[in-house]
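1. Structure of the sequence below:
(2 chains, ligands or ions: 5)
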Amino acid sequence: MQKIGVFVCHCGSNIAATVDVKKVVEMAAKEQGVFHAEDYPYMCSEAGQSRIAAAVKEKGLTGIVVCSCSPRMHEATFRKAAERAGINPYMVEIANIREHCSWIHKDMTEATEKAVILMRAAVAKVHLNAPLMAGESRVTKRALVIGGGIAGIQTAIDIADAGYKVDIVEKTPSIGGRMSQLDKTFPTLDCSACILTPKMVEAASHENITIHTWSEVEKVSGFVGNFTVDIRKKARYVNMDKCTGCGVCQEKCPSKKPLNEFNRGLNTRTAIYTPFAQAIPNVPVIDANSCIKLKTGKCGICEKFCQVGAIDYTQKDEIITEQYGAIVVATGFDTIKLDKYGEYAYNESKDVITSLELERIMNAAGPTKGHLERLSDGKAPKEIVFIQCVGSRCSDDRGKPYCSKICCMYTAKHAMLIRDKYPDTNVTVFYIDVRTPGKNFDEFYRRAVEDYGVHYIKGQVGKVMPQADGSLLVQGVDLLDNKQILKKADMVVLATAIEPNPDVRKIATMLTASIDTNNFLTEAHPKLRPVESPTAGVFLSGVCQGPKDIPETVAQAGAAAVKVIGLLAKDKLKTNPCTAKSDELLCNGCSQCANVCPYGAITYEEKLINDHGIRRTSRVAVVNGALCQGCGACTVTCPSGAMDLQGFSNRQILAEVDAICR
Amino acid sequence: MSKQSELIKEISGVNPLKCMKCGKCSASCPSFNEMDIKPHQFVSYVQNEDIEALTQSKSLWKCLSCFACVERCPRGVKPGKLIDAARQVLIRQRGQEGLTANEIPALLDDETPQQLLMSAFRKYRR
Ligand SMILES: Cc1cc2nc3c(=O)[nH]c(=O)nc-3n(C[C@H](O)[C@H](O)[C@H](O)COP(=O)(O)OP(=O)(O)OC[C@H]3O[C@@H](n4cnc5c(N)ncnc54)[C@H](O)[C@@H]3O)c2cc1C
Ligand code: SF4
Ligand code: SF4
Ligand code: SF4
Ligand code: SF4
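-> Ligands and ions are numbered 1, 2, ... in the order given. So this is what the prediction gives:
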């Protein structure tokens, strides 16, 4: 028989304004086994916790029920308080009378009634609680970063600087991400490559960092501190150790048709290529889909010209398996496809381009060598129209409901750079709102208007109509003048919404990390744990978690690194003792539980069983406590009722249901 | 008046609060220059419950029901449906002009879109 104490929290007025806490205390005192009941304004405070300790000491309590906020908030707090008072931490139950009760009800009588019922359920459960002991698991002191953009690079450098080994897995031939495609960067207008390349070099030369480019994560198993990851190193067909990066192969390759992904398909590249001059590693890859030798067996020109014999057409994909303690997702973003936006004529006219394409056009290493020109006829545009929010802030199925956050600033940047370099080119920006919160951001935008004469129009564009003379007729509205505008333009630039890289879904599934309806990875807490995923040991860095510019990305990347370092600094982790356990007498070895376990925690053993004096050998399920995450899938699957979850046993759950229905 | 704005919202199925005042409807409208109240303003007039002005507007009869605004609105507001509903309200007020309410049920079947009826009203009142 337990001696239970019930502690009812007011949470200031959060609970007490809707729930009659005195009444809950009064009703608690009448419950069987309750030896102590009291209320307090803030149970989680120092003073509140010491009241628990005092009651334990005074009344010899063996179980505790705290009626308060969600266990996600303070279960750990109260478990620790119980432990300090000498009770097993798993003898504590939380009745959530805030999120599940006071916050969602208005009527005090009803809310109080519900709070009493939740309290009763928790008391009924504690009666059946048993002390549990947390086990320990070792921590592998090595981190994996998935994605080698600025987010991944920064996280890796910070972890490596703290003395831990880090591997970066990047799916393209080079690290650098989107930032390597940008020309100049707001708000200071420094050249993107000039600030990014040193970081790439630092990562590549760091003794603690290993970079796997042209690679992808194939499989993840294990748990926090002990992940096992299969990495597919795609065949490069170039020997990394021999290649000197001279580039003669790329000059000689006769297959010149494939679209250049790095330049957003605005021009072509050769079959053997490095995406850009500062690529790291500076070793080309052969694109097997367009290499003549790999497709037909003829050609082999690159091999002939390569002085060091680095070309190797026989290379195969290789799978390597590594152990990690922590995993950081830094898979970044892409711009959305514009197929559903026929009104902007993006697919019809070469002179309607996305902002990211404009970055490549403005870049000295881009398809036009940095000259601002129309892709249709190479002429210099004299009239440019920018359209904001293309696909952002859309509640229909064509676009994304969120604000992409970076477009207002990069459009001001583009407009300013164009006006600076080509003063006789007119620039008009159609906007819904100009959103420039950030240090020196609004000043930056105002400079575009006041110093560079960029013409901002509050209103949207309805359609872009390509004309016979090659120009573009833009029909928009000026909402402040309440006038419709017809404007001839030579070039239209679309501030296209960004979205998480589509294959992040695959990554999230492998990691059992959650993603939101927009495919952004979900953080453990939107305010207090913004760089951790709800899955222990998985951390988030950069735009994969939500739209961000470079300064924010770098700050978040550092924060993710700190969390990883904090984890790797530990030698051992406490494991959750609320794991599944099979009853050998009931288990008939049917294998159904192993089939549903998402963590591969269940195996089977032939065991000698003493069934009430009758000895028999039987195939029974055995749960590996270190792998089990306590999800409970097996317990509901088991047809014989042999599988039970410690701390959440079937008996405990049914006792709660009984208490609620009483 | 507020009763009428409720009626318009009900007939059109439009929630004017979804509008983010971007103006894409007005940027798309082929009749914009003929109108005194512009498509994005249909929404604010209903929001402000100024239905009188809307039913008295030139726009009521200048909208082509082309639904370019409905197609392109990024928030799914459907301003063209508001002006359509305003016409319907006006026609109901006028009672005898065009079809009478009593004549309609005989003409209805489940397939007939409201849009079609509205266009018929407009054609035959001139
Ligand atoms: C047109 C435009 C202009 C911009 N201008 C500016 C500016 O002036 N100033 C500014 O501060 N910000 C600017 N930004 C924003 C900036 O680009 C981002 O903040 C930054 O690139 C985010 O970095 P990231 O590492 O999170 O993502 P990314 O740069 O997208 O990097 C992600 C990396 O992960 C890799 N990856 C993806 N999936 C996988 C996978 N499954 N496995 C392995 N690797 C994977 C990708 O190949 C990529 O290398 C601009 C953005 C755009 C679109
Ligand atoms: S073998 Fe392939 S990559 Fe090499 S030169 Fe020929 S086409 Fe190009
Ligand atoms: S509760 Fe069962 S299904 Fe869930 S992780 Fe543990 S053993 Fe696997
Ligand atoms: S439906 Fe009417 S308001 Fe809408 S775009 Fe067409 S003419 Fe303009
Ligand atoms: S109705 Fe739609 S298109 Fe028109 S202003 Fe509102 S949100 Fe924009």
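
2. per-residue pLDDT, the closest residue to A:Gly176 other than its chain neighbours?
-> In this structure, A:Gly176 finds its nearest non-sequential neighbour in A:Met200, 5.8 Å apart by Cβ to Cβ, 6 or more residues apart in numbering or on different chains. Just so you know, the C-beta spots here come from the backbone N, C-alpha and C atoms, and that holds for glycine as well. Per-residue confidence (pLDDT) for A:Met200: 98.

3. Do a quick rundown of the strands in the stretch 451-600 of chain A.
-> Using DSSP state E, counting those that start in this stretch, the strands assigned to the stretch 451-600 of chain A run over residues A:455-458, A:461-466, A:472-478, A:483-489, A:491-496, A:498-500, A:538-540, A:572-574, A:580-582.

4. Just checking: what are the partner strands of the fourth one?
-> To tie it back to what came earlier, the one meant is strand A:483-489. Applying DSSP bridges to the sheet, strand A:483-489 is found paired with strand A:472-478 (antiparallel).

5. Same check on the fifth one?
-> Sheet partners assigned to strand A:491-496 using DSSP bridges are listed as strand A:352-354 (parallel), strand A:383-390 (parallel).

6. likewise the first one?
-> Taking DSSP bridges as the criterion, strand A:455-458 sits next to strand A:426-431 (parallel) in its sheet.

7. Now do the strand it pairs with against strand A:461-466, angle only.
-> 140 degrees (axes from the mean of the first three to the mean of the last three Cα atoms, to 10 degrees).

8. Strand A:426-431 near ligand 5 anywhere?
-> No. Applying Cβ under 6 Å from any ligand atom, one finds strand A:426-431 separated from ligand 5 by no less than 12.3 Å.

9. Tell me which residues are up against that strand.
-> Residues outside strand A:426-431 that contact it (Cβ atoms under 8 Å, 6 or more residues apart in numbering or on different chains) are A:382-389, A:408, A:411, A:415, A:418-419, A:454-461, A:476, A:487, A:489.

10. Would you mark the buried spots in it?
-> Judged by neighbour count (16 or more other Cβ atoms under 10 Å in any protein chain shown), strand A:426-431 contains these buried residues: A:426-431.

11. try stretch A:202-220
-> A:202-204, A:206, A:208-218, A:220.

12. what secondary structure does whatever residue of chain B ends up closest to ligand 3 sit in?
-> Closest contact between chain B and ligand 3, by Cβ to the nearest ligand atom, is at B:Gly76 (40.9 Å). Of the three states, B:Gly76 takes coil under DSSP: H, G, I helix; E, B strand; the rest coil.

13. Phi first, then psi, for it.
-> Per-residue torsions, B:Gly76: phi 60, psi 30 (degrees, to the nearest 10).

14. same deal with A:Val285?
-> phi -120, psi 150.

15. contacting residues for it?
-> A:173, A:214, A:234, A:236-238, A:272-274.

16. A:Arg236 versus that one, what's the distance?
-> According to Cβ to Cβ, to the nearest Å, A:Val285 and A:Arg236 sit 5 Å apart.

17. Which neighbours do these two have in common?
-> A:173, A:214.

18. ok so A:Ile412 is a helix residue?
-> Careful, residue A:412 is Ala; it's not Ile. Yes. Counting by three-state DSSP, one finds A:Ala412 located in a helix.

19. since we're on it, how many residues are nearby?
-> 27 (other Cβ atoms under 10 Å in any protein chain shown).

20. on that earlier part again, run a quick neighbour tally on the residue of chain B closest to ligand 3.
-> Look at B:Gly76: counted by other Cβ under 10 Å, it has 15 neighbours.

21. Let's have the strands paired with strand A:491-496 in JSON lines, adding mean neighbour count and mean pLDDT.
-> Compiled in JSON lines, the strands paired with strand A:491-496 are given as follows (neighbours: other Cβ atoms under 10 Å in any protein chain shown; pLDDT from 0 to 100):
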{"stretch": "strand A:352-354", "mean neighbour count": "22", "mean pLDDT": "98"}
{"stretch": "strand A:383-390", "mean neighbour count": "25", "mean pLDDT": "98"}
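
22. how about those strands, which one is nearest ligand 2?
-> strand A:352-354 (29.2 Å).

23. before we move on, back to that, go through the contacts of A:Val285 and name the one nearest ligand 3.
-> Looking across these and measuring by Cβ to the nearest ligand atom, the closest to ligand 3 is A:Lys234, at 32.5 Å.
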